[in-house]
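Peer 1: Fold the following, please.
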Amino acid sequence: MNACIGFGSASAFILQPIKIPTSQRPILIRNPRNLTLICRAESKPSNPSRRNDMGGNKPTRRNPRKSSYGSSRRSILKKSFTQEQVIFTKSVPEDPVVAIIGGGLSGLACALSLEKRGIRSTVFDTGLHGLGGRMATRAIDPQPLIFDHAAQFFTVGDSRFAELVNGWLEKGLVRQWQGPIGELEAGGCFVPLPSLSPRYIGVNGMRPLADSILSEKLELSSIWALLAAFEDPLPTPNSRISTAFEGAFVKGVDSVSWMANNTKKLFPSQSGGPHCWTFFSTAAYGKRNKVPQENIPNATAEKVIEGMLEGVEIALGLSKGSLTRPFYTRVQLWGAALPTNSPGIPCVFDPQGRAGICGDWLLGSSLEAAALSGMALANHISDYLQSGGSRPDEFAIGLHDAFQPIEGHDIGQFPGLEFKEQVAEFLSSKT
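Peer 2: You can find the predicted model right below:
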């Protein structure tokens, strides 16, 4: 849900797919005299400590050996950030347009906040199935089978995010998830969590929330998502409640950290099959079985499916091999699922380069963090533009902040749900 921001003088708040041009013809500039320099790149002074013992610069090879795989992305980024600094020499235009790269909730919230302050923007996104980042919902025809295969639900702890959510409520895009949610210990012991903070879900899944915003004009963990459809309901574990749970943070199981019944969550009045479940792996399991997510080998997919279904059996307290096989399965690897550390700042902005970054990873790993980060960067850019850009150094933010570890579940953070305290309180009330 992170987005990179730059601005110049282009057109209005629209979604543009990022595509590499297929034409190989060079672009000819026929009248270079009419060009205006708007930025320049300055090289940083070399580090004296890198000189050799003779006092001169470190010798370089005339024909340096190149890897058959080309330059690494890390080396390119390192060169870009340590050797050159882009500085704009032209003043901020009277009618600037912000380019937002990334159409997750953070980027969309930034675009929406910019629009409210009268600043146009264009959103660029590479999503093949739609925008929204982790607000992802997949429908499998012809039945259809419906899965939220990224963000499962969200909570509200900030008044600014509450304003956005209240708008979704008024439009009928979200509702509270009233079904039982709790923690499922290995062996089938389910402990429900008290409903102290409302839990929200998209009425028709998470992706329509992203669509609704558009229509209004780091270290990361890897998580496997297993989408599975069953003909019959899953067995009810040894629970402290009479009704079957709909969502659970799984404890004591190596391969599964979360499981949710999408059918009951999205269609609570529906009876009968199919029963669509989303299972998330633990971060440790995802790391051990990580592969290129663009091309998952069939052998790895089968291994993950079997391993996670075995984990479901352990969580439910079932004997090995007794779980009824799902008639539909699909796995997806979120290779850059959630941050494990964060600078704890709302946004990053470089006024000299006229570029900013927003995303949930800056504040934590929740939908609320993503929205607040986008709003913060929008307001920061708006203030900078309205100042005329004459005092750029006053608007620099987050360029040198250190990263700190963050806590939370493997599938994210949920402000307002303090799980350990609530579970302890619930258990003490039952004794």
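
Peer 1: Please identify which helix or strand holds residue 284.
Peer 2: Taking DSSP states H and E as the criterion, residue 284 maps to helix 283-288.

Peer 1: Residue 227 too?
Peer 2: Per DSSP H and E: residue 227 is located in strand 220-230.

Peer 1: what residue ranges in the chain are flagged as low confidence?
Peer 2: Applying pLDDT under 70 to the chain flags the ranges 1-86, 127-130, 214-221, 239-242, 335-341, 403, 406-431.

Peer 1: Show me the strands paired with the strand holding residue 227, marking each as parallel or antiparallel.
Peer 2: For strand 220-230, the paired strands and their directions (DSSP bridges) are strand 275-280 (antiparallel), strand 328-339 (antiparallel).

Peer 1: Mind checking the ones you listed for the one nearest to residue 391?
Peer 2: Nearest to residue 391 among these is strand 328-339 (31.9 Å), distances taken as CB to CB. (Glycine included, C-beta is placed from N, CA and C.)

Peer 1: Helix, strand, or coil at residue 319?
Peer 2: Taking DSSP: H, G, I helix; E, B strand; the rest coil as the rule, one finds residue 319 in the coil state.

Peer 1: what's the spacing between it and residue 310?
Peer 2: The gap separating residue 319 from residue 310 is 11 Å, by CB to CB, to the nearest Å.

Peer 1: now residue 171
Peer 2: Using CB to CB, residue 171 is found at 42 Å from residue 310.

Peer 1: Between those two, which is the more surrounded one?
Peer 2: Remark: of residue 171 and residue 310, residue 310 carries more neighbours, 18 against 12, as counted by other CB atoms under 10 Å.

Peer 1: Touching, that one and residue 320? I think so.
Peer 2: Yes. Assessed by CB atoms under 8 Å, residue 310 is found in contact with residue 320 at 6.7 Å.

Peer 1: Touching stretch 296-304 from outside, list them.
Peer 2: The contact list for stretch 296-304, computed with CB atoms under 8 Å, 6 or more residues apart in numbering, reads 224, 226, 281, 289, 291, 331, 333.

Peer 1: now do the same end-to-end measure for stretch 181-198.
Peer 2: For stretch 181-198, the first-to-last residue distance is 12 Å (CA to CA, to the nearest Å).

Peer 1: cool, stretch 322-342 as well?
Peer 2: End to end - CA to CA - stretch 322-342 spans 42 Å.

Peer 1: Kindly report the same for stretch 222-236.
Peer 2: End to end - CA to CA - stretch 222-236 spans 29 Å.

Peer 1: Show me what counts as buried in that stretch.
Peer 2: Buried residues in stretch 222-236, defined by neighbour count with 16 or more other CB atoms under 10 Å: 222, 223, 224, 225, 226, 227, 228, 229, 230, 234.

Peer 1: show me what contacts the fifth one?
Peer 2: By that I understand residue 226. Counting by CB under 8 Å, 6+ apart, residue 226 touches 278, 279, 280, 281, 304, 305, 308, 309, 329, 330, 331.

Peer 1: okay, the buried residues of stretch 222-236 in TSV with distance to residue 120 next?
Peer 2: Output for those, formatted as TSV (distance: CB to CB, whole Å):
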residue	distance to residue 120
222	37
223	36
224	40
225	36
226	42
227	38
228	44
229	43
230	48
234	49
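
Peer 1: Out of those residues, which comes closest to residue 210?
Peer 2: residue 225 (17.8 Å).

Peer 1: My guess is that closest one contacts residue 278. True?
Peer 2: Yes. With contact defined as CB under 8 Å, residue 225 reaches residue 278; the gap is 6.4 Å.

Peer 1: show me where the stretch 301-431 of the chain has helices.
Peer 2: With DSSP state H, counting those that start in this stretch, the ranges of helices along the stretch 301-431 of the chain come out as 367-386, 419-430.

Peer 1: can you check the stretch 101-250 of the chain too?
Peer 2: Using DSSP H, counting those that start in this stretch, helices in the stretch 101-250 of the chain cover 105-116, 159-170, 207-215.

Peer 1: Can you add distance to residue 197 and mean neighbour count and give the ones you listed back as JSON lines?
Peer 2: Formatted as JSON lines, the helices of the stretch 101-250 of the chain follow (distance: least, CB to CB, whole Å; neighbours: other CB atoms under 10 Å):
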{"stretch": "helix 105-116", "distance to residue 197": "19", "mean neighbour count": "26"}
{"stretch": "helix 159-170", "distance to residue 197": "12", "mean neighbour count": "15"}
{"stretch": "helix 207-215", "distance to residue 197": "19", "mean neighbour count": "20"}
